[in-house]
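J.: Need coordinates for the following:
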Amino acid sequence: MHHISSNRSVKNLSVEATEEQKAQLPSTLSLPQITFQLQSSSPPHQSISITRQSSSSNLPDSKNRISVSNASLKILWLLLDNVLLLQMGSAYLIRFHEFALAADGGKDLPSIDDWRKEQQAEWNRLSTTLGLLAAMHAAILAISPQPPNLAYAFWLGGGTLSVCGLFIVQYFPIKAFSMTDEDIGFIVTNGNEIFNTTLLAAAIASPVIICLWAAVLFIAGMIDYIIESDLGGVKYRVFAAIPVGFGIGAVVMTMALGEIIDRRMKQKYYPDGLPHTDRNKAE
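T.: A predicted model of the protein is given here:
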């Protein structure tokens, strides 16, 4: 009997507590709202709180991983652009983004036509320069006595690069001859960032990059020739090294100035960075 009365008292207390909770609720609440407030007044289950804490603690980890991946991509792009592409990758990407803004989604046909004419004029100048570099490499390979092996390899590679650049300069305008101004504007301003703008910029920048690397290989071959060959004494080597060193210093200063110009142009048109260098801009 004692157990039965105690059980009844517990039930009465629970019923009274429930009635008190209902009495505290406003009369205008509907049944789902009353159920929600009754559930919210009870203490939450421990497993639910643990699950929320673990999910919230995973958010900083995912953000950290994204930031680390973005930082690594930026470092890889800087190395690729400054070492392999000789800063021409970022320069041509900036040019294409400027052209995309000027093209106005392919509607501003005069701007597109002017851009194509300027690009073709640039390639005409490159064609002359690449032909001159190819002739210089071929002529210096015939120097007597035979140059050192490393210098010979540099000049042979530079001559081959120059001829490859001539091939691209002559091939690409012929393939793109049938493309209208509307097609150029659509390619630059629409579609995937990587497969349209980036690849097109890389294709158009490749003759410039080849021309620059052919010049670098010619200079490297001259440096090795000065070091390895007998020029009649140390003083003649010094006389030959002075203009070479001056030219290399001018090249380094020019590349440093070009990096400063690239950063200012990125800040002007894209304060958060270009899409290929800063994915946070897309977020």
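J.: CA atoms for contacts and neighbours, from now on please.
T.: Fine.
J.: Return the set of buried residues in stretch 211-227.
T.: Across stretch 211-227, burial judged by 16 or more other Cα atoms under 10 Å covers 211-226.
J.: Now intersect these with the helices, please.
T.: If you go by DSSP state H, those have 211-226 in helices.
J.: Quick one: residues contacting the residue lying closest to residue 134 once chain neighbours are set aside.
T.: Leaving aside its chain neighbours, residue 134 sits nearest to residue 159 (4.7 Å; criterion: Cα to Cα, 6 or more residues apart in numbering). By Cα atoms under 8 Å, 6 or more residues apart in numbering, the contact set of residue 159 is 133-138, 214.
J.: The same query, at a cut-off of 10 Å, please.
T.: By Cα atoms under 10 Å, 6 or more residues apart in numbering, the contact set of residue 159 is 130-139, 141, 153, 165, 214-215, 217-218.
J.: Out of these, name the ones that lie in helices.
T.: Among those, DSSP H puts 130-139, 141, 153, 165, 214-215, 217-218 in helices.
J.: Any quick ChimeraX command for the buried ones out of the residues you listed?
T.: Buried residues among the ones in helices among the contacts of residue 159 (16+ other Cα under 10 Å), as a ChimeraX selection:
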select :130,131,133,134,136,137,138,141,165,214,215,217,218
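J.: could you pull out the helices for the stretch 1-150 of the chain?
T.: 2-24, 31-41, 46-79, 88-103, 109-141, 149-175 (DSSP state H, counting those that start in this stretch).
J.: what angle sits between the fifth one and helix 88-103?
T.: To tie it back to what came earlier, the one meant is helix 109-141. 160 degrees (axes from the mean of the first three to the mean of the last three Cα atoms, to 10 degrees).
J.: Also compute the angle for the helix or strand harbouring residue 244 relative to helix 88-103, please.
T.: Using DSSP states H and E, residue 244 sits in helix 234-269. With the same axes, to 10 degrees as the basis, helix 234-269 and helix 88-103 are set at 30 degrees to each other.
J.: Please spell out which residues along helix 234-269 are buried.
T.: Quick answer for helix 234-269 (16+ other Cα under 10 Å): 237, 241, 244, 258-259, 262, 265-266.
J.: Quick one: mean pLDDT over it.
T.: Helix 234-269 shows a mean pLDDT of 86.
J.: other SSEs contacting that helix?
T.: helix 88-103, helix 199-228 (3 or more Cα pairs under 10 Å, 6 or more residues apart in numbering; DSSP states H and E).
J.: Dump those to a markdown table, plus mean pLDDT and distance to residue 109.
T.: Listed next are those as a markdown table, based on pLDDT from 0 to 100; distance: least, Cα to Cα, whole Å:
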| stretch | mean pLDDT | distance to residue 109 |
| --- | --- | --- |
| helix 88-103 | 76 | 7 |
| helix 199-228 | 89 | 19 |
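J.: is it possible to export the ones you listed to TSV including distance to residue 75?
T.: Formatted as TSV, the helices and strands packed on helix 234-269 follow (distance: least, Cα to Cα, whole Å):
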stretch	distance to residue 75
helix 88-103	13
helix 199-228	19
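J.: Out of those, flag the one nearest residue 252.
T.: helix 199-228 (11.7 Å; Cα to Cα).
J.: and the closest one with helix 109-141, angle?
T.: 20 degrees.
J.: For helix 199-228, name the packing helices and strands.
T.: helix 88-103, helix 109-141, helix 149-175, helix 181-189, helix 234-269.
J.: mind putting the ones you listed in TSV, distance to residue 68 included?
T.: Listed next are those as TSV, based on distance: least, Cα to Cα, whole Å:
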stretch	distance to residue 68
helix 88-103	22
helix 109-141	37
helix 149-175	37
helix 181-189	30
helix 234-269	22
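J.: mind checking which of these is nearest residue 73?
T.: helix 88-103 (14.1 Å).
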